[in-house]
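What shape does this take:
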Amino acid sequence: MSDIDSRTPTSTGPASRLREPGFRTELVAGVCGLVLLTGGTVLWLAHHSARVGTEALTGSIFREVSGRAAAHTRGFVLRAAPVVASLSQLADKGLAVDDRDRLAAQLLAVLKGNPGLSWVSYADADGNFTGPYRTPEGKLRLYRTRIEGGRSRLVEHEVMPDGSWKLFHEDDNSGYDPRVRPFYTQAKAAGRMTWLRPYVFQLWWAPGITCAAPVADAAGKFKGVLTADFDLTALSEFVAGLSISEHSRVFLFTDDQVLLAHPNQRGGAINGERENARLLTLADTGDPLVDSYRAKLQPVSLSSGKEDAFNFFEFRHEEEEFLGSTSAFRIGDDLVWVVGVAAPKADFVGDVWRTQTYALLAAAIAVVGGMVLAIVLARTVSRPVLALTAFVRQVGSGDLDARADIGGSREFRELSTALNHMIGDLRDRLRLRHSLDLAMQVQQQLLPRSSPKIPGIDVAGHSTYCDETGGDYYDFLVLDTPVGGGLMIALGDVMGHGVAAALVMAGVRAVLRDRAAEPGKLADLMCRLNRLLAADHKGDRFMTMHLSIIDPRSRRLRWVSAGHDPAIIFDAATDRFEEAGEGGMPLGIIDEAAYVEETSDPLQPGQIVFIGTDGVWEMPDVKGEPFGKERLRDVIRSTSAETAATIAQAIRDRLAAFRGDARQVDDVTFVVIKMLSVE
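Now for the predicted structure:
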């Protein structure tokens, strides 16, 4: 009994049971703790995953919008380059730079055919100026000055709808001398096509930009300067329509921070009076957000102008976090412009923050309500995130037919809709890419599959496009008619490249093949092609073309050229080069253009004829230096003993080695003809 009395009291007493947690308490505490731990872990992982995905998606959106703005701006402005280049090549080849009245009519036709241009002008070395321009209201006017006796006489006409000219304004001494203007002095000093920095068009108070190129005569003597000008007001309208979020801002400026386009400056970012007018800078916008953005700009992000010069950064504005980016791109060889984008960070991660808040509240309710409600709420919170993760994985595995059905709150449903639209756009782009590949295959099949076999003539051709489709064209047609036979060679270059140029090329090929065998002169055939092209495209598109026929019996070459570069003839016996085929007006500009057929002396065995497009000698290397005709002649001379196919391959190899890693910017097409002895 003493043993029993001496034992220590156990915990089974009433007081001890009051101090111990009960089963329900432990269960609730355990479940709630599990819910909190699990929910907290899941929420953290979901938040981290969503944040990483959102940041990646945000960077892609900034890059996409910047790329769109840069591509639109470059495409908008660079339409002037082919116009100026074509006009400068036409000087002394159809462009009447020495006849002011004819020149005015020709420049008016060019301006009408290019609706995006504001001015097209020519200023000669004597200070005479001829420039048709388009007013902001869409009217066409002709502005001409002539310097006589130290006075600059101005005569300005308005072009009426019927094409007649009505006197609009006269001034016996306007004081205007184009020879002291920047467009003239810079183009003359550079000796090449030049882009001027943006400035103020004082005639109608708008920001603008000029592309200028010097003109020289056949002896290389400077004659004057051709220009094409753009009104940049439309760029502000364009960036005002761009948005990556509700509170974002997209604007355009130069590498020295001159403002080109801003949603708040749709009428033109100009400051000062007309005598000292200047374009605004980023510091002059009056936009506090732009001021905060400008403080984070790095010089390296404004100077490269490479295709991938994209810089993404964060900054603070009015105690709020913002995301910003710069995307620098080049305009020609002279200018670097930058697309700037700024948007609140909350516009992109706000949904993630709100979802996390809702989830924490749901977890608190789950603690009070119990395990079942906690599990339900946890599943409700995690289901949209898991569904989003599953969808992203499905798309990442290559399933572009997947559809996002995240469910959950309104934000997630909107995200589902946006993701489905994004995947649909991606499918459309892939289909478009596939269509372009098919178009490339079809166009390649339009080119000769093999060289014709004609006694005494060895011929080879080649064409490489810089895009999927192109505007270069060459063809061989073996003629056999009662009035004579031989080999017809056609080679053309449509303005620009891409699908539009390819369609023009295909149409010209069809007409040429249909009419080539008909009796008549090559000049008549060229006139027919010109009328058809001018009627179809109203001067909006044109092409150069070289047509020639080699008669294997007489061994003479008959040719006619429409604005195409001359053929190069090499005589290995004398080691001499000569050029043949100075052309007239390119096809499609003027419907009544006339062409002249010419004939060479009999070609001797071993002589080589090379006909090509300007994409051959204008091929740039990584430094921008063109390949040039001298290197081309060196290749022809060094391989003159080989077959035409071997010579053509050598030219291709030399071009590829010269270009290196530089991007091909123009189509490359040429034909090599070698005369052989006839047994």
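
secondary structure class for residue 38?
helix (DSSP: H, G, I helix; E, B strand; the rest coil).

if I look at it, how far off is residue 412?
Distance from residue 38 to residue 412, counting by Cβ to Cβ, to the nearest Å: 21 Å. Every C-beta, even on glycine, is put in place using the N, C-alpha and C of the backbone.

For those two, indicate the residue with more neighbours.
residue 412 (20 against 15; other Cβ atoms under 10 Å).

May I have the phi/psi pair for the more buried one?
Phi and psi for residue 412, reported as degrees, to the nearest 10, are phi -70, psi -40.

what separates it from residue 348, distance-wise?
For residue 412 relative to residue 348 (Cβ to Cβ), the value is 15 Å.

What residues sit buried inside stretch 159-169?
Neighbour-count burial for stretch 159-169 flags 159, 165 (criterion: 16 or more other Cβ atoms under 10 Å).

Stretch 319-331 too?
Those would be 322-331, for stretch 319-331 by 16+ other Cβ under 10 Å.

same deal with stretch 90-97?
90-91, 94-97.

What are the contacting residues of it?
Outside of stretch 90-97, the residues within contact range by Cβ atoms under 8 Å, 6 or more residues apart in numbering are 87, 102-103, 106, 122, 124, 215-218, 223-224, 226, 563, 582-586, 593.

which ones among the residues you listed are found in strands?
The strands, defined by DSSP state E, take in 122, 124, 215-216, 223-224, 226 from the contacts of stretch 90-97.

So which of those residues is the closest to residue 71?
Residue 71 has its nearest neighbour among the ones in strands among the contacts of stretch 90-97 in residue 226, at 26.4 Å by Cβ to Cβ.

quick one, what contacts the closest one?
84, 87-88, 91, 120-122, 212-213, 215.

let's see 7 Å
Residue 226 makes contact with 84, 87-88, 122, 212-213, 215 under the criterion Cβ atoms under 7 Å, 6 or more residues apart in numbering.

who's it bridged to?
residue 122, residue 213 (DSSP bridges).

any idea of the pLDDT on it?
If you check residue 226, the pLDDT there is 93.

what does residue 17 give?
50.

Repeat that for residue 538.
For residue 538, pLDDT reads 73.

With adjacent residues omitted, what lies nearest to it?
Distances taken as Cβ to Cβ, 6 or more residues apart in numbering put residue 113 closest to residue 538, at 7.1 Å, once the chain neighbours are dropped.

Quick check: that neighbour touching residue 541?
No - judged on Cβ atoms under 7 Å, residue 113 makes no contact with residue 541 at a distance of 8.7 Å.

The closest residue to residue 257 other than its chain neighbours: what's it in contact with?
Leaving out its chain neighbours, the residue that sits closest to residue 257 by Cβ to Cβ, 6+ apart is residue 282, at 4.5 Å. Applying Cβ under 7 Å, 6+ apart, we find residue 282 in contact with 253, 257, 259, 290, 294.

Might you specify the subset of these located within helices?
Counting by DSSP state H, the contacts of residue 282 place 290, 294 in helices.

The contacts of residue 282 into a markdown table, with extra columns for neighbour count and distance to residue 598?
Shown next, in a markdown table, are the contacts of residue 282 (neighbours: other Cβ atoms under 10 Å; distance: Cβ to Cβ, whole Å):
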| residue | neighbour count | distance to residue 598 |
| --- | --- | --- |
| 253 | 27 | 53 |
| 257 | 16 | 56 |
| 259 | 27 | 54 |
| 290 | 22 | 62 |
| 294 | 19 | 62 |
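
For the contacts of residue 282, could you give me CSV that also reports distance to residue 196 and pLDDT?
As requested, these are exported to CSV (distance: Cβ to Cβ, whole Å; pLDDT from 0 to 100):
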residue, distance to residue 196, pLDDT
253, 16, 86
257, 18, 85
259, 17, 84
290, 25, 88
294, 24, 87
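
Among the contacts of residue 282, pick out the one closest to residue 476, please.
Using Cβ to Cβ, those come closest to residue 476 at residue 253, 51.9 Å.

What is the burial count for the residue nearest to residue 286 when sequence neighbours are not counted?
Spatially, and ignoring its direct neighbours in sequence, residue 286 is nearest to residue 264 (7.3 Å; Cβ to Cβ, 6+ apart). By the measure other Cβ under 10 Å, the count of residues near residue 264 is 13.

for residue 264, helix, strand, or coil?
What three-state DSSP gives for residue 264 is coil.

swap in residue 98?
coil.

Would you map the strands across the stretch 151-300 of the chain?
151-159, 165-171, 194-195, 199-201, 206-216, 222-231, 249-254, 259-261, 270-271, 278-279 (DSSP state E, counting those that start in this stretch).

Using TSV, lay out those together with distance to residue 494.
TSV is the format used below for these (distance: least, Cβ to Cβ, whole Å):
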stretch	distance to residue 494
strand 151-159	28
strand 165-171	32
strand 194-195	24
strand 199-201	32
strand 206-216	21
strand 222-231	20
strand 249-254	31
strand 259-261	31
strand 270-271	39
strand 278-279	36
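
So which of those strands is the most surrounded?
Most buried of those, by mean neighbour count (mean count of other Cβ atoms under 10 Å): strand 259-261, with a mean of 27.

Quickly run through the sheet partners of it, with directions.
Here, using DSSP bridges, strand 259-261 pairs with strand 249-254 (antiparallel).

Format the CA atom coordinates belonging to the partner strand as CSV.
What follows is strand 249-254 as a C-alpha-only set of coordinates in CSV (Å, rounded to 0.1, in the frame of the first residue of the first chain):
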residue,chain,number,x,y,z
ARG,A,249,3.9,56.1,-73.6
VAL,A,250,5.6,55.5,-77.0
PHE,A,251,7.7,58.3,-78.6
LEU,A,252,10.4,58.7,-81.2
PHE,A,253,13.7,60.7,-81.0
THR,A,254,17.1,61.0,-82.5
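
Spit out the contact partners of the closest residue to residue 522 other than its chain neighbours.
Leaving out its chain neighbours, the residue that sits closest to residue 522 by Cβ to Cβ, 6+ apart is residue 560, at 4.4 Å. By Cβ under 7 Å, 6+ apart, the contact list for residue 560 reads 522-523, 526, 547, 595-597.
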